[in-house]
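> Below: sequence and its predicted model.
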Amino acid sequence: MYYMDKYKLWLNSPIIDKETKDELRALGGNDREIEERFYKDLEFGTGGLRGIIGAGTNRMNRYTVGKAIQGFANYIKKQGKEAMNKGVAIAFDSRRFSKEFAEGAALVLNANGIQTYIYTELQPTPVLSYTVRALNAIAGIIVTASHNPPEYNGLKIYWEDGAQVTDNRDVDIIAEVQSIDDFGHIKTMSLDEAKQKGLYNIVNDKVLDNYISKVISLSINRDIIKKMGKDIKIVYTPLHGAGNKPVRRVLKELGFENVNVVPEQELPDPDFSTVTYPNPEEREALKLAIDHAQAIDADIVIGTDPDADRVGVVVRNTKDEYMMLTGNQVGELLVDYYLGALKSKDKLPDNGIIIKTIVTSELGGEIAKHYGVEPVDTLTGFKFICSKMKEYEESGRGRFLFGYEESNGYLAGDFVRDKDGVITTMLICEMAAYYKSKGMTLYDALQAIWTRFGYYKDVLVPIVLEGIEGMEKIKSAMNELRGNPPEEIANVKVSFIEDYLHDESLKLPKSNVLKYRLDDGSWFAIRPSGTEPKLKVYFSTHGDTKRVVDNRMEEIKAHVLDLLK
């Protein structure tokens, strides 16, 4: 159906409420905006739903969310009565309409005869993952758009193992959502009726208490915290999101007494008014925290994104400046510290594994090998790390110790099946205390890693391509690279290409990723983002000295980005 026909259908539909129609009428003759809102349906992908909030088929609103949840309900009903009775756990973050979308999702599920268990205040994504398993629920939903700008919201869908849906299940759920061609097919009921029928339930406080206890149990060097807990000065920002209460609670109960929360960013704010983009991977998002750290002479700055699954870290370098660590560097530090601490306590198993993604630096794998731990690669996205984690758990071939990806997502322990900013913040603080007890900063620890393993540099260049034209440019770029692959980059031969969409020998699920390995050990990879209008280009170089590696990185980047023009 042509986009203008869809627009008129919404204006004339008896199902669409007056407020939504008023928003659409206010668009007037803005044909471009109408096209953007209606040229397609907001896509329910493998991770769930994500988009700009507003009226239209290509926007996040009560109707597109309702359609997604009705499709999910239909899938659950096909699993049988037991699945329906096990129910769905639901949580939400601090974004606009997050609570309303969460409650609306619960009522759609309730109207389909499915039990729900919902939190009454915002919670981190990893808490939702844990809750699914703790309640023995069939599935979970969290309303969040992670670190996207404030105009976005979304849904993440989890299955009974606590991980985001993968395998063929995601395909079947997507098919159920796509089969709904009329908003009139979305069932719902009133909150009072759902409560009277015992379908709408509030999550017991004990679930969160147990999660906090399990996080604390992952601490390895309690003696170090006892020794350094007063001395190490930590600045933390939740970036107006869900991390504030659980992070502070964990650190306090462990004995970190000098935790300074950025006051301007402590409370929930759906507009994220103190930042342009609430992404702790970016230094700009942590500017207020860094300013606060400078004022009080802090040792470390930590920030979590709005749903508290990602973590950004700033440390002091040898010039006593506050330096932003990359996601790869944080992961490498954590792998070295965590495995080393386990070994020192004689808790490192013979069959231990770490899991990282194909676009994550190779240095973490080299560190793992040093400790006798096997590094395992999987596709980009933490759901694939957790899927591989489950595979090893069920086969008994290896014991999961740690998982991470370059985009600032990390996990230790086996009770959460997604990246966890609460666990990670605790481990980073413990690690910083450990090194401070030795007269070292985390930057000193990173330098020591480079001395042992060589210097690695890893860079991500995101190319933003929004709207209809952007989608076409991304598709065209990937097709061109497959049709005319480069044989040489910056005067070095391309030794081989890994095409994760077409190469069956790679033994991973199909994914639109191209990775080019060069004769000198460097590599670069290109993939469309699954959640944002971006083409992501990853670069990696390594060698004996920083100067050589930096120069090589610039040569490869310049050549590849010129190709993409």
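Arrived safely, thanks for sending.

> Now Gly45: closest residue in space that isn't a chain neighbour?
Using C-beta to C-beta, 6 or more residues apart in numbering and skipping the chain neighbours, the partner closest in space to Gly45 is Gly530 (6.6 Å). All C-beta atoms are positioned from the backbone trio N, CA, C, and that covers glycine.

> Secondary structure of that neighbour: a strand, I assume?
No: secondary structure assignment (DSSP: H, G, I helix; E, B strand; the rest coil) places Gly530 in coil, not in a strand.

> going forward, begin numbering at 499 instead of 1
In the new numbering, first residue 499, that becomes Gly1028.

> Check the closest residue to Pro736 other than its chain neighbours and give its pLDDT.
Among residues not flanking Pro736 along the chain, Asn742 sits closest, at 4.0 Å (C-beta to C-beta, 6+ apart). With respect to pLDDT, Asn742 scores 98.

> where does the stretch 949-1063 of the chain dip in pLDDT?
Across the stretch 949-1063 of the chain, the ranges flagged by pLDDT under 70 are 1029.

> List the buried residues in stretch 868-881.
869, 871-881 (16 or more other C-beta atoms under 10 Å).

> With pLDDT added, can I get those residues in JSON lines?
Output for the buried residues of stretch 868-881, formatted as JSON lines (pLDDT from 0 to 100):
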{"residue": "Tyr869", "pLDDT": "98"}
{"residue": "Val871", "pLDDT": "98"}
{"residue": "Glu872", "pLDDT": "97"}
{"residue": "Pro873", "pLDDT": "98"}
{"residue": "Val874", "pLDDT": "97"}
{"residue": "Asp875", "pLDDT": "96"}
{"residue": "Thr876", "pLDDT": "95"}
{"residue": "Leu877", "pLDDT": "93"}
{"residue": "Thr878", "pLDDT": "90"}
{"residue": "Gly879", "pLDDT": "88"}
{"residue": "Phe880", "pLDDT": "93"}
{"residue": "Lys881", "pLDDT": "91"}
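
> quick one, helices of the stretch 949-1063 of the chain?
965-981, 1044-1062 (DSSP state H, counting those that start in this stretch).

> Any chance of those helices in a markdown table with distance to Tyr698 and mean neighbour count as columns?
Output for the helices of the stretch 949-1063 of the chain, formatted as a markdown table (distance: least, C-beta to C-beta, whole Å; neighbours: other C-beta atoms under 10 Å):
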| stretch | distance to Tyr698 | mean neighbour count |
| --- | --- | --- |
| helix 965-981 | 39 | 14 |
| helix 1044-1062 | 50 | 15 |
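
> Does Met887 touch Gly901 like I think?
Yes: the criterion here is C-beta atoms under 8 Å, and Met887 meets it with Gly901 at 6.4 Å.

> gap between Ile732 and Phe754?
Separation of Ile732 from Phe754 (C-beta to C-beta, to the nearest Å): 6 Å.

> Please apply the same query to Glu1030.
Using C-beta to C-beta, we find Glu1030 at a distance of 34 Å from Phe754.

> more neighbours, the two?
Taking other C-beta atoms under 10 Å, Glu1030 and Phe754 do not tie; Phe754 has more neighbours (23 against 18).
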